[in-house]
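In: sequence first, predicted coordinates after that:
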Amino acid sequence: MRSQNRNLFFVRSFICLSLLSFLVTAPAAAQSCLSVTPSNFSLKFGNTSVGTASAIGDVIVRNNCTTSVTITSFGISIPEFQLVFGYAPFTMQPTATASYGFKFVPDSAIAFNGTVTFDVGGMNPLVFNLSGTGTTANGVASFSSTSLAFGSTTIGTPATPQNVTLTNTGTGAFTVLSVYNDPPFAVTGFSGKATVLNPGASLPLTVTFQPSSTGTFNGTLVMTSDTLPPRGVTLSGTSTQATSLVVTSYPTLPSATQGFVYHVQLNVASGTKPYTWSLASGSKLPSGLVLSHQGLISGTLGSTVAVGNYTFTVSVTDSKSHIATSQLTLPVGAPTGASCNNIDYDVPGTTTPMTALNDLGTGTYLGSEGGLYLNGSNVMPASHDADGVSFASAIQPLDANGNPDPNGKYALLSLGMSNAFDTFAEFTIDATAEPTLNPNLVLVPGAMPLITAANLSSLSNPIWFNIMNYFLPQSGVTADQVVAAWVMDTDPNISGTFPGDMTQLQAEFEAIAQNLHTQFPNLTLAFFTSRYYAGYSNGQESGSQEPYAYESAFAVRGMIQDQLNGDPAMNYNPANGPVVAPWVAWADYDWGNGLLARKDGLVWTCQDFGATGLHNSKPQGGEKDANMMLNFFRTNDATTPWFLAPQ
């Protein structure tokens, strides 16, 4: 049933916003200098299953006036229609636009009709009609197993494939839209085309595991459909060093782009240097690319090479005449509109490629040492880690007033710009599908396009109104139930020379941490991450381009280091004085220098980005980044106590 409390909140919010508009907005007879999309003032969301959300519907207001126009406030009449992005007050200069996104989230199988009203200074309100119908999904997606454990295998060697079957155990049909996971896991059996599963029908799937480096790996097989929430299977496996010569490159290589430069180094293990590479007899690369004897696939891919997957076999021989072969697949995509020749980025003023902070170690970038922590280290100091684990272990379900309640909830809130908005949206899909997710955890999308670190550093910015009055209530939680935050942001106004250019951003990050403590009394943990690669950017936003995207990691590190150094402005320990901030730490660090692989193999291809080169493509790049985020939260010792369900 519909929550009466949520309805009451939205009605009060709508009334208050409308009254505010009445008080501050002078009536006007004409609005001819404004244009809107949709022009019929109507958003129709169609049928949406209860328990799921519709696609986002956009409202765009364009100022065709000769003077600035301000949207002073807005209000949504019923809670089944929810705000996704956009804020007020928002001032549009002549020719500028204001964009707002909404979704339909039905809580019962009936038709809903509502409105969203925008109050515009000096003009009549803009009222858009909202409609959608809640439906009941009678299909049930059931996997034959909720987890697949591949045990241990050697790098470069595939583990024995495992099978899992998706079956519709319900009474109605549903359509499978996607089935995916991320390397070193791969899934086959789904054609990639929408597949209808009638009651009793099954979809057999095969999952493989082929690691290219040693370690422990986790993944999630994710299934999305037209009417059901995401469902998934937990994947795990470990790998050890090979004892004989083996090609360790993952069988599916990083994507290439028609007509653009390509540069990927193949890898080998457990042989004796030097190595000599060649194409196996009968194999060939797509036009424009060559394989060097050193194992580098490079060149400019022919613009007429068709989009698709190209398979070939490589051979490597070591100095003792041992030979290893591997069949590889090279995906080719169409130009994205981004600057696809920017396959790596150099240290400013040099021809030396920038090195990811976690690979730089005691090396330096423009005089500053690498590492996620000081002295070139990527390991958090033990005492700080222990404090984080202590906070994590104390997290428990809370009622709306923040009191312990075994039937209550707790929330992880996202904050940041459009990159964070996109990543958290994909992360939410994957996390929702993950069978080990703690059922008490609520994921609250607080990130929003155009919200900078400077915006978040000020509690008077409208984004905080959105979080407190829309995003939290829409997620069914209160400020007292927020216990942790994930932040990814930058400042588009960044300029100057490193390290001075990061001074302001670090100060903004510290202000954000303080604001989190102020707004959410039970929030004890905040995880920050810097921006991922921006070398493919077409230059739209200064603070999101390189080298600023790379350098933003130093601002995160500086904030964390201030807390480690006992700066009173970042104190989280009551034994050391007034608490003004949560415990802060790195989340996943996702920057990699284009096609120059990090030590852990991470690369960013142009196919991972959309037309501007600033945002991940969907689903390829977005899923890659979301997977790194999910793996962080389900493996970090300061997150697993509350992120995962009790064992």
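Out: Sure thing, it's come through.

In: flag the shaky bits of the stretch 401-550 of the chain, pLDDT-wise.
Out: Applying pLDDT under 70 to the stretch 401-550 of the chain flags residues 540-543.

In: would you map the helices across it?
Out: 418-433, 453-456, 462-466, 472-475, 503-519, 548-564 (DSSP state H, counting those that start in this stretch).

In: what does the next helix or strand after the last one contact?
Out: Using DSSP states H and E, the helix or strand that follows helix 548-564 towards the C-terminus is strand 583-586. Contacting residues not belonging to strand 583-586 are listed as 372, 380, 384, 387-388, 391, 513, 524-529, 556-557, 559-560, 563, 570, 572, 638 [Cβ atoms under 8 Å, 6 or more residues apart in numbering]. Backbone N, C-alpha and C define where each C-beta goes, glycine included.

In: quick one, domains of this structure?
Out: With automatic domain parsing serving as the domain definition, the record reports that the chain contains domains spanning 4-135, 141-240, 247-333, 405-642.

In: most tightly surrounded among these?
Out: For the domains of the chain, the largest average neighbour count (mean count of other Cβ atoms under 10 Å) is found in domain 405-642, namely a mean of 21.

In: closest to residue 89 out of the helices of the stretch 401-550 of the chain?
Out: Among those, the nearest to residue 89 by Cβ to Cβ is helix 462-466 (6.6 Å).

In: show me what the closest one is in contact with.
Out: 83, 87, 88, 89, 90, 446, 448, 451, 455, 456, 515, 519.

In: okay, those in a markdown table with distance to residue 609 next?
Out: Shown next, in a markdown table, are the contacts of helix 462-466 (distance: Cβ to Cβ, whole Å):
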| residue | distance to residue 609 |
| --- | --- |
| 83 | 27 |
| 87 | 26 |
| 88 | 31 |
| 89 | 33 |
| 90 | 28 |
| 446 | 24 |
| 448 | 20 |
| 451 | 20 |
| 455 | 24 |
| 456 | 24 |
| 515 | 31 |
| 519 | 33 |
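
In: and those, which two are the farthest apart?
Out: 90 and 519 (21.5 Å).

In: can you give the contact residues for stretch 499-514?
Out: Taking Cβ under 8 Å, 6+ apart as the criterion, the residues outside stretch 499-514 that touch it are 366-368, 415, 453-454, 456-458, 487, 489-491, 494-495, 526, 528, 548, 551-552, 554-556, 558-559, 562, 569-570, 580-582, 584.

In: any idea how far residue 281 is from the nearest residue to residue 325 once chain neighbours are set aside?
Out: Excluding the flanking residues, the one nearest residue 325 by Cβ to Cβ, 6 or more residues apart in numbering is residue 315, at 4.8 Å. Plainly put, residue 315 is 9 Å away from residue 281 if you go by Cβ to Cβ, to the nearest Å.

In: nearest the middle, which residue of this protein would you pick?
Out: Within the chain, the residue whose C-alpha comes closest to the C-alpha centroid is residue 423; the distance, by Cα atoms, centre = their mean, is 1.5 Å.

In: ok, that one touching residue 622?
Out: Yes - the pair residue 423 and residue 622 qualifies as a contact (Cβ atoms under 8 Å) at a distance of 6.7 Å.

In: mutual contacts of those two, please.
Out: For the pair residue 423 and residue 622, residues contacting each of them under the criterion Cβ under 8 Å, 6+ apart are residue 616.

In: so where's this structure uncertain?
Out: Counting by pLDDT under 70, the chain contains low-confidence residues at 1-31, 540-543.

In: cutoff 50 now
Out: Low-confidence regions of the chain, defined here as pLDDT under 50, cover residues 1-30.

In: on that earlier part again, make a markdown table out of the domains of the chain and add distance to residue 350.
Out: Output for the domains of the chain, formatted as a markdown table (distance: least, Cβ to Cβ, whole Å):
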| stretch | distance to residue 350 |
| --- | --- |
| domain 4-135 | 39 |
| domain 141-240 | 29 |
| domain 247-333 | 18 |
| domain 405-642 | 11 |
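
In: nearest to residue 342, of the ones you listed?
Out: Residue 342 lies closest to domain 405-642 among the domains of the chain, at 4.3 Å (Cβ to Cβ).

In: give me the distance between the two termini of that closest one.
Out: Across its full length, domain 405-642 reaches 15 Å between end residues, using Cα to Cα, to the nearest Å.

In: try stretch 348-359
Out: Stretch 348-359 has an end-to-end distance of 18 Å (Cα to Cα).

In: buried sites along that stretch?
Out: 354, 355, 356, 357, 358, 359 (16 or more other Cβ atoms under 10 Å).

In: how far does that stretch sit from the chain's center?
Out: The gap between where stretch 348-359 is centred and where its chain is centred comes out at 24 Å by Cα atoms, centre = their mean, to the nearest Å.

In: returning to what we had before: closest to residue 395 out of the domains of the chain?
Out: Proximity of these to residue 395 was assessed by Cβ to Cβ; the nearest stretch is domain 405-642, lying at 4.1 Å.

In: if we ignore the residues flanking it in sequence, what's nearest residue 202?
Out: Taking Cβ to Cβ, 6+ apart as the measure, residue 202 lies nearest to residue 167, with 4.4 Å between them; neighbours along the chain are not counted.

In: please name the residues that touch residue 538.
Out: If a contact means Cβ under 8 Å, 6+ apart, then residue 538 has 337, 338, 339, 611, 612, 613, 614 as its contacts.

In: oops, could you answer that again for residue 347 instead?
Out: Applying Cβ under 8 Å, 6+ apart, the residues near residue 347 are 353, 354, 365, 366, 547.

In: ok so, going back, need the buried residues of stretch 348-359 in CSV (columns: distance to residue 398 and secondary structure).
Out: As requested, the buried residues of stretch 348-359 are exported to CSV (distance: Cβ to Cβ, whole Å; DSSP: H, G, I helix; E, B strand; the rest coil):
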residue, distance to residue 398, secondary structure
354, 43, coil
355, 43, coil
356, 38, coil
357, 36, helix
358, 35, helix
359, 40, helix
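
In: of those residues, closest to residue 266?
Out: Proximity of the buried residues of stretch 348-359 to residue 266, judged by Cβ to Cβ, is greatest for residue 359, which lies at 18.9 Å.

In: can you tell me how far the closest one is from residue 233?
Out: Taking Cβ to Cβ as the measure, residue 359 and residue 233 are separated by 32 Å.

In: one more: residue 475?
Out: For residue 475, the distance to residue 233 (Cβ to Cβ) stands at 26 Å.
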